[in-house]
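Trainee: quick one, fold the following:
(one chain, ligands or ions: 1)
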Amino acid sequence: MSNRVEKITRVGVFTSGGDSPGMNAAIRAVVRTALYKDKKVTGIYHGYQGMIDNTMFDMDSQSVSSIIQMGGTVLKTARCMEFKTTEGRAKAYEHVRTAGIDALVAIGGDGTFTGAEIFSREFNIPVMCIPGTIDNDLNGTDLTIGYDTANNTVIEAIDKIRDTAASHNRLFFIEVMGRDSGCIALNAGVAGGAEAILLPERETAIDELIDMLEQAADRKKSSMIVIVAEGDKNGGANNVARCVQEKVGYYDTKVSILGHLQRGGAPSSADRVLATRMGYAAVNELLKGNTRATVGVRGSEIVTTPLEEALSKKELKLNEDLVEIAKIMAL
Ligand code: F6P
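Mentor: Numbering: from 1, shown residues only. The predicted model follows:
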């Protein structure tokens, strides 16, 4: 155990990047675990931006009362460009040091992990990350906090859209979040019984999509739902719908872009429990001397992975079997 770790007296906690449902449960777990271990806790508002702006406050057990069921993040969040500069990080460290923070827990996605890795290395401050993003696109974990809730939100929307699609015999293109990740699209597409799913990880030509739709129509499907991940190479649901209409004008097409409603809402039970386990583990790992790492879940086990490793490779998150199953289920 390094001297630096032995001296941990105050843990700083923050959320950064896109919010995700369950972040509050993770904050609560970090705060209560640290207090249980006789450590003090500082909450940092707006992620890295809050370190630079020095917007920090003392947290106690009451600070995290009745937040486990809330979406969003009570610590607020931001995407901070200034932290990408050496000067920005130096300013941030000065405020962290002055606040007496000697270890950090960062909750967020890959941008958060990258910032944490650099900051920890530059200033030799222990850092543990918790994967929080609806995209489920992080290495070192099977699941990220918020992914389950977002899937449930999307499925609820698909179910509702299917009612109106079926009533009018319409073809709907539903766009879901995921700039680089098709996890939500695939999962919600399968659970929502979509006729086709367009993913950023796979190129689907418009002609190929039209073939799928024609075959579905031949099988007497009167209404259809196509899930389009935001990062699909055809340029999003509006573009896909326009291209399909241009080639085959006879469908009554509609587009629905679900957008940021996918990021909000009360976290599911699974996300609350996952966030609680990860928050608890993050503090305990720091106090054991583990640093510059992320917690994650593999199967049912909580694990840690060095940030350098988590940031250097790209795990294939897309379930290949599910991609095949989705096609068969659309028959
Ligand atoms: O990373 C989470 C996410 O919701 C992505 O799915 C989406 O592409 C992006 O954030 C949107 O970011 P913003 O809210 O900054 O527009």
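
Trainee: what does the stretch 101-250 of the chain put close to the ligand?
Mentor: Selection of the stretch 101-250 of the chain residues close to the ligand by Cβ under 6 Å from any ligand atom yields 109, 133, 134, 135, 177, 178, 179, 230. C-beta: built from backbone N, CA, C; applies to glycine.

Trainee: ok, now with 8 Å
Mentor: By Cβ under 8 Å from any ligand atom, the residues of the stretch 101-250 of the chain that approach the ligand are 109, 133, 134, 135, 137, 177, 178, 179, 181, 184, 230, 231.

Trainee: for this structure, which spans come out with low pLDDT?
Mentor: By pLDDT under 70, the weakly predicted segments of the chain are 1-6.

Trainee: could you pull out the helices for it?
Mentor: 3-6, 23-36, 47-53, 86-98, 110-123, 147-168, 183-191, 206-218, 237-247, 269-288, 307-312, 320-329 (DSSP state H).

Trainee: just the buried ones from the residues of the stretch 101-250 of the chain next to the ligand?
Mentor: Buried positions within these, assessed by neighbour count (16 or more other Cβ atoms under 10 Å), are 109, 133, 134, 135, 137, 177, 178, 181, 184, 230, 231.

Trainee: just give the nearest non-adjacent residue to the fifth one, would you?
Mentor: Among residues not flanking residue 137 along the chain, residue 181 sits closest, at 3.8 Å (Cβ to Cβ, 6 or more residues apart in numbering).

Trainee: ok, now residue 277?
Mentor: residue 302 (5.6 Å).

Trainee: distance check, the residue lying closest to residue 70 once chain neighbours are set aside against the ligand.
Mentor: Excluding the flanking residues, the one nearest residue 70 by Cβ to Cβ, 6+ apart is residue 24, at 4.9 Å. Between residue 24 and the ligand the computed distance is 17 Å (Cβ to the nearest ligand atom, to the nearest Å).

Trainee: may I ask you to confirm that residue 24 is in contact with residue 68?
Mentor: Yes - at 6.5 Å, residue 24 and residue 68 qualify as touching, with contact defined as Cβ atoms under 8 Å.

Trainee: and residue 15, bridged to which residues?
Mentor: residue 107 (DSSP bridges).

Trainee: burial count for the nearest residue to residue 245 once chain neighbours are set aside?
Mentor: Leaving aside its chain neighbours, residue 245 sits nearest to residue 253 (5.7 Å; criterion: Cβ to Cβ, 6+ apart). Using other Cβ atoms under 10 Å, the number of residues around residue 253 comes to 19.

Trainee: before we move on, what about the one 10 residues further on?
Mentor: Other residues within reach of residue 263, judged by other Cβ under 10 Å, total 20.

Trainee: what sits against it?
Mentor: Counting by Cβ atoms under 8 Å, 6 or more residues apart in numbering, residue 263 touches 18, 19, 20, 21, 71, 134, 146, 150, 177.

Trainee: related to what we said a few turns ago, residue 7: which of the buried ones among the residues of the stretch 101-250 of the chain next to the ligand is nearest?
Mentor: residue 109 (29.7 Å; Cβ to Cβ).

Trainee: hang on, that closest one packs against residue 23?
Mentor: No - if you go by Cβ under 8 Å, residue 109 and residue 23 don't touch, sitting 10.9 Å apart.

Trainee: any residues in contact with both of those two?
Mentor: Shared contacts of residue 109 and residue 23, counting by Cβ under 8 Å, 6+ apart, come down to residue 132.

Trainee: surely residue 52 touches residue 90?
Mentor: No - with contacts defined as Cβ under 8 Å, residue 52 does not count as touching residue 90, sitting 9.7 Å away.

Trainee: higher neighbour count, the two?
Mentor: Per other Cβ under 10 Å, whichever of residue 52 and residue 90 has more neighbours is residue 52, with 23 against 12.

Trainee: which ones are touching that one?
Mentor: Residue 52 is in contact with 80, 82, 83, 88, 91, 92, 95, counting by Cβ under 8 Å, 6+ apart.

Trainee: repeat that for residue 230.
Mentor: 175, 176, 177, 178, 179, 200, 236.

Trainee: how much space separates the fourth one from residue 213?
Mentor: The reference is to residue 178. 22 Å (Cβ to Cβ, to the nearest Å).

Trainee: again with the second one
Mentor: Between residue 176 and residue 213 the distance is 19 Å, computed by Cβ to Cβ.

Trainee: out of the two, which sits in the busier spot?
Mentor: A direct count of neighbours by other Cβ under 10 Å for residue 176 and residue 213 places residue 176 higher, at 32 against 19.

Trainee: report the beta-bridge partners for the more buried one.
Mentor: residue 229.

Trainee: doesn't residue 187 make contact with it?
Mentor: No - counting by Cβ under 8 Å, residue 176 stays clear of residue 187, with 9.6 Å between them.

Trainee: understood, closing this out.
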